[in-house]
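In: What follows is a predicted protein model with its sequence.
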Amino acid sequence: MNHRRTQALLGAFLDNELEAGGKQLIEEHLGVCPACRQDLGLLRKLDELAGSIPPALPEAAYWEAFPGRVRTALEQIPRGGRDKEGVMFKDSFIVPSRNFGLKATVLPISVAAHLIVALVLLVGPLLSPGPVPQVQVYSAFLAPPPPPPPPPPPRPSTDAPSPRPVPRWATSITEHPRPDAPARATAGGGTALALPADGTPSSLAAPRVAGDGVPPAPREPERTASGLERRVPGAHVSVSVAAEQPLASPMPGRPAPPSADASVPPVDGAEIQRFLTSLVGGVQRSLDEQRPTTGVGDEG
Amino acid sequence: MRPTADANEQSIISKAKGGDMNAFEFLVRKYQRLIYALCYRLTGAHQAADDLAQETFVKAYMALPSFIDGREFYPWARKIALNNSYNFLRKRNREAPLADEETLALPNHLSSQQESPLETAERDEMERKFKQSLQALPPDQQAAFSLRAIENLSYAEIAEALHIPTGTVMSRLNRARKKLRAEMAAFLRSAA
């Protein structure tokens, strides 16, 4: 054992607190190291000095009075203080708080309430039968990325007119482009307004066409097999009305038509006029919306 | 020197636990000197030793219900005295680290008939220097050295009394002895 290690263990060697092996090593070192032998002697003298100095105890009268002073001090302690050991050893005992009882009561109730809520919210849905949700986890290292989602369906073109309600007096409403119309002049086609033979299409307000910005002049209706027909440049909606259907009221500004078969329900001319006006207005708005996108010029 | 527990003392302790003040006063009379001497060695002041000894017995009486039957009373009361003295030393070192000069200058030994006046003066000087050096130690080292060199406790008993590991006891004792040996080297060599 080296000198430094021996110096550290000299006190334990002097106190006989070393094991047999350590003690033998120290003794071997002491046999060859005079400095350690001298230090051991000094330590032994120090212990002897400490033990030889008696404490300066007080006189006998002090010891006669000491138990009485202790008894007096004990009597001054209020009754019940003997059981409060926590107060006596503040460093060693945990003194319970004042409202410890309340906390001891509330804590288990709170824990039980939390457990019930957890059972209802978490465990309950797991126990109920139903499709098990499948969670797909994608990883850039384990699997290729998922395919991109399909493109959304194309939005319906603004050119396609929305289906319009068919009045009870109309047999059909068709929208068709006019093949002979110049594309530059109009974006849509002509419109055939089929009215009953006794109707007066010329009394309808002529639709304004967005082709050249000038509303076309009203034309005389052309008689067709099903009735009167009128073509409006730029329009692309045609309305067919059964020829047998009489008008319940005359068209505004026109004489009343002759009465027809009583079995056929009459058609109100004012209703037809309002419908056609709204229809032509819708066509006009469609054409107005097409103008900036189709590049239709104003010079028509 | 250390009193031993016997059957008579066990019965007295049982009576004291039951609230018999006379029985407890018997225990106070039996151990008051030992407790006082321990407190005095640790504090180095009579007034502090008096207060600590009285406080030790008061606390011992209050804690008697927790005393385990069959064990010795003095080690149990010594642990209370050590805790009191330890707390006192820590508090005093923060406030006034030095003991009173009167206590340090007071010779404690009884002059023997064979000692010459010169030898008596040298011994008084050595005792005064030793007390001074002991009081200059940190409280933990002072308590460990006093319990070992004066109370003759083993390392395990010191560790139990101070609530520290045995290795810590050994290191504290080494540091305390190293400082005391450095302070007392001249006296110790001359005495040798």
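Out: Received, thanks.

In: count of neighbours near residue B:14?
Out: 14 (other CB atoms under 10 Å in any protein chain shown). For the C-beta atoms, the positions are set from N, CA and C on the backbone; glycine is no exception.

In: How about residue A:122?
Out: Neighbour count of residue A:122, defined by other CB under 10 Å: 9.

In: Let me know the pLDDT of it.
Out: Note on residue A:122: pLDDT of 86.

In: is it fair to say it lies in a helix?
Out: Yes. Residue A:122: assigned to a helix according to DSSP: H, G, I helix; E, B strand; the rest coil.

In: how far away is it from chain B?
Out: Going from residue A:122 to chain B by CB to the nearest CB, to the nearest Å gives 46 Å.

In: Low-confidence regions, chain B specifically.
Out: Low-confidence segments of chain B (pLDDT under 70): B:1-5, B:93-117, B:191-192.

In: Against which helices or strands is the longest helix seen in it packed?
Out: When chain B is parsed with DSSP state H, its longest helix is helix B:166-191. The helices and strands touching helix B:166-191, judged by 3 or more CB pairs under 8 Å, 6 or more residues apart in numbering or on different chains; DSSP states H and E, are helix A:3-14, helix A:34-52, helix B:117-136, helix B:139-145, helix B:155-162.

In: Could you check the longest one against chain A for contacts?
Out: This means helix B:117-136. Yes. Using CB under 8 Å from any CB of the partner chain, we find that helix B:117-136 touches chain A at B:126-127, B:130-131, B:134.

In: ok, and the most crowded of those?
Out: Going by other CB under 10 Å, residue B:134 tops the residues of helix B:117-136 next to chain A with 26 neighbours.

In: Please identify the nearest residue in space to that residue, excluding sequence neighbours.
Out: Once flanking residues are discounted, residue B:134 sits nearest to residue B:142: 6.1 Å by CB to CB, 6 or more residues apart in numbering or on different chains.

In: Could you double-check that the one you found lies in contact with residue B:89?
Out: Yes. Taking CB atoms under 8 Å as the definition, residue B:142 is a contact partner of residue B:89 at 7.0 Å.

In: anything in contact with each of those two?
Out: Here residue B:142 and residue B:89 share the contacting residues residue B:42, scored by CB atoms under 8 Å, 6 or more residues apart in numbering or on different chains.

In: So which of the helices and strands packed on helix B:166-191 is nearest residue B:13?
Out: Of all the helices and strands packed on helix B:166-191, helix B:155-162 sits nearest to residue B:13, with 19.8 Å by CB to CB.

In: who does the closest one touch, helix- and strand-wise?
Out: If you count contacts as 3+ CB pairs under 8 Å, 6+ apart, helix B:155-162 packs onto helix B:73-95, helix B:139-145, helix B:166-191.

In: Please export the C-alpha coordinates of the first one as CSV.
Out: Once side chains and other backbone atoms are set aside, the C-alpha atoms of helix B:73-95 remain, and they are given as CSV (Å, rounded to 0.1, in the frame of the first residue of the first chain):
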residue,chain,number,x,y,z
PHE,B,73,-32.4,4.8,27.4
TYR,B,74,-29.0,6.6,27.1
PRO,B,75,-28.3,5.9,23.4
TRP,B,76,-31.8,7.1,22.6
ALA,B,77,-31.4,10.2,24.7
ARG,B,78,-27.9,10.8,23.3
LYS,B,79,-29.3,10.9,19.8
ILE,B,80,-31.8,13.6,20.9
ALA,B,81,-28.9,15.5,22.5
LEU,B,82,-26.8,15.2,19.3
ASN,B,83,-29.6,16.5,17.2
ASN,B,84,-30.1,19.4,19.5
SER,B,85,-26.4,20.2,19.7
TYR,B,86,-26.0,19.8,15.9
ASN,B,87,-28.8,22.2,15.2
PHE,B,88,-27.4,24.6,17.8
LEU,B,89,-23.9,24.5,16.3
ARG,B,90,-25.2,25.1,12.8
LYS,B,91,-27.2,28.0,14.0
ARG,B,92,-24.4,29.4,16.1
ASN,B,93,-21.9,29.2,13.3
ARG,B,94,-24.2,31.3,11.2
GLU,B,95,-24.6,33.9,13.9
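
In: could you check the angle helix B:117-136 makes with that helix?
Out: 80 degrees (axes from the mean of the first three to the mean of the last three CA atoms, to 10 degrees).

In: buried stuff in helix B:73-95?
Out: B:73-74, B:76-86, B:88-89, B:92 (16 or more other CB atoms under 10 Å in any protein chain shown).

In: so what does it touch, helix or strand wise?
Out: By 3+ CB pairs under 8 Å, 6+ apart, helix B:73-95 packs against helix B:21-43, helix B:46-62, helix B:139-145, helix B:155-162.
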